[in-house]
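Peer 1: Any chance you could fold what I've pasted below:
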Amino acid sequence: MLVSVVICAYKRPDMLVEALDSLKEQSLSTDRFEVIVVDNNSGPPIPELVTKYVKTSGYELRYVLEKSQGISHARNSGVLAAKGEIIAFLDDDEVADENWLTAHLDVYHQVPDVSAIVGKALPLWESEAPKWLTDWRLIQELNMINWGDEVHRLTFRETLGTGNSSFRRELFDEMGMFDTSLAVGEDIDMQRRMEASDKLIYYTPYAVVHHHVKPERARKRHFYRTAFARGKQRASAAGRRRFDSLPDEVKPQGNTSQRLFQRAFVPIGYLTQQGLSEQGRVFLIRHVFYLWGFVYETIRTRLLRRPDPK
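Peer 2: Sure, this is the predicted structure:
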């Protein structure tokens, strides 16, 4: 089973080298995977860097240029260029553990019907982590994934992060590619479509990557901006997710209105645990930005759908 590793790159040459170096150390034999760097129109030095790296990589490495800006465009180009039966995504600011690819393949062998797999993504702090930032519910907003220490099927509240994921190639033939109309949330959209078609998505804690966190991403305003964007993305998908075909252990409880009502009061339960600590205040303000983004996008979408007066 050949694996195509797709790395979407944009103006982070030093981190890209780290990602490529980590693939040299994979426990999986190099004749069982290829690597495709999709340059999302970065300009120098990415093309020259990849051309030079080919000579010392030790594995098959190819360069693809995608001029259309956006992560969905880049991921789709990687899928089209891939030769493998399994397509694995690694971000250019991540470093993979040596058993990363082996752990992904293990689940495909153990669960023959699985269509996609997501692994664990842990922070690689470039400076000391803020002392107030200790709760995983905030840390995961930095594109981290940690759904526990056991292999299992994703539940409703567990998300598919494409930065450490893999898919069967035929899934894209059947369901289509990543939605290029989305600026963010292409992974959530793909998860929604897979759930609606009753496709199996599994999590494995053994496929680990370490995700660089720049100092500016650990600042409070980053969490607020991210929350606003996530609220908008969730609003655009509201009402389109269908869960009737899901088994009880992964199906959300209640209807859409009940779930939105519960989400609106998430901070109350959190603050009873944390109090008005610095982290508690960040969580509360972040949630306000999330709801603001949700309401903003809901109103905007309904106005756009309103028929023109005759």
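Peer 1: Do you know the pLDDT at T226?
Peer 2: You'll see T226 listed with a pLDDT of 86.
Peer 1: A strand includes it, no?
Peer 2: No: assessed with DSSP: H, G, I helix; E, B strand; the rest coil, T226 is helix; it does not lie in a strand.
Peer 1: Could you double-check that it sits in contact with E141?
Peer 2: Yes: applying C-beta atoms under 8 Å, one finds T226 in contact with E141, separated by 5.5 Å. Glycine gets a C-beta too; all of them are placed from N, C-alpha and C.
Peer 1: Please read off the pLDDT at V114 from the model.
Peer 2: pLDDT, read off for V114, is 97.
Peer 1: In contact with it, which residues?
Peer 2: Neighbouring residues of V114 by C-beta atoms under 8 Å, 6 or more residues apart in numbering: V107, Y108, R168, L200, I201, Y202.
Peer 1: and the first one, that's in a helix?
Peer 2: Think V107. Yes: V107 forms part of a helix when assessed by three-state DSSP.
Peer 1: sorry, back to before: can you work out which residues contact both of T226 and E141?
Peer 2: Jointly contacting T226 and E141 under the rule C-beta under 8 Å, 6+ apart is no residue at all.
Peer 1: ok, back up a step: could you point out which of the contacts of V114 is nearest to I299?
Peer 2: Proximity to I299 was ranked across those by C-beta to C-beta; first place goes to I201, at 31.7 Å.
Peer 1: which neighbours does the one helix or strand that closest one maps to have in its sheet, and in what orientation?
Peer 2: Element membership of I201, judged by DSSP states H and E, is strand 200-213. With DSSP bridges as the test, strand 200-213 is paired with strand 94-96 (antiparallel), strand 114-125 (parallel), strand 152-153 (antiparallel).
Peer 1: Toward the C-terminus, what is the element adjacent to the last one?
Peer 2: The C-terminal neighbour of strand 152-153 among helices and strands, as given by DSSP H and E, is strand 164-168.
Peer 1: what is the mean pLDDT for the following helix or strand past that following strand?
Peer 2: Using DSSP H and E, the helix or strand that directly follows strand 164-168 along the chain is helix 169-175. Regarding helix 169-175, the rounded mean pLDDT is 94.
Peer 1: How about residues contacting helix 169-175?
Peer 2: By C-beta under 8 Å, 6+ apart, the residues outside helix 169-175 that reach it are 4, 79, 82, 84-87, 115-116, 190, 193-194, 197, 199.
Peer 1: try stretch 5-16
Peer 2: 19-20, 23, 33-43, 45-46, 49, 71, 74-75, 78-79, 81-82, 87-93, 101, 212.
Peer 1: Please list only the buried members of those.
Peer 2: 19-20, 23, 33-40, 42, 46, 49, 71, 74-75, 78-79, 81-82, 87-93, 101, 212 (16 or more other C-beta atoms under 10 Å).
Peer 1: Which of the residues you listed fall in strands?
Peer 2: The strands, defined by DSSP state E, take in F33, E34, V35, I36, V37, V38, D39, I87, A88, F89, L90, H212 from these.
Peer 1: Determine which two of those are furthest apart.
Peer 2: Across these (C-beta to C-beta), the longest gap, 24.0 Å, separates E34 and H212.
Peer 1: And the strands paired with strand 200-213: which comes nearest V184?
Peer 2: Between V184 and these, the tightest spacing by C-beta to C-beta is seen for strand 114-125, at 16.5 Å.
Peer 1: Next, the buried residues of the closest one.
Peer 2: For strand 114-125, a neighbour-count test (16+ other C-beta under 10 Å) marks V114, S115, A116, I117, V118, G119, K120, A121, P123, W125 as buried.
Peer 1: show me where pLDDT drops low in this structure?
Peer 2: For the chain, the stretches with pLDDT under 70 are 237-276, 305-310.
Peer 1: any idea how far stretch 139-148 is from the chain center?
Peer 2: Relative to the centre of its chain, stretch 139-148 is centred 10 Å away, using C-alpha atoms, centre = their mean, to the nearest Å.
Peer 1: cool, and stretch 96-105?
Peer 2: Chain-centre distance of stretch 96-105: 17 Å, with C-alpha atoms, centre = their mean.
Peer 1: hmm, back to that, pick the one among the ones in strands among the buried ones among the contacts of stretch 5-16 closest to E158.
Peer 2: F89 (17.4 Å).
Peer 1: hang on, that closest one packs against N164?
Peer 2: Yes: the criterion here is C-beta under 8 Å, and F89 meets it with N164 at 7.3 Å.
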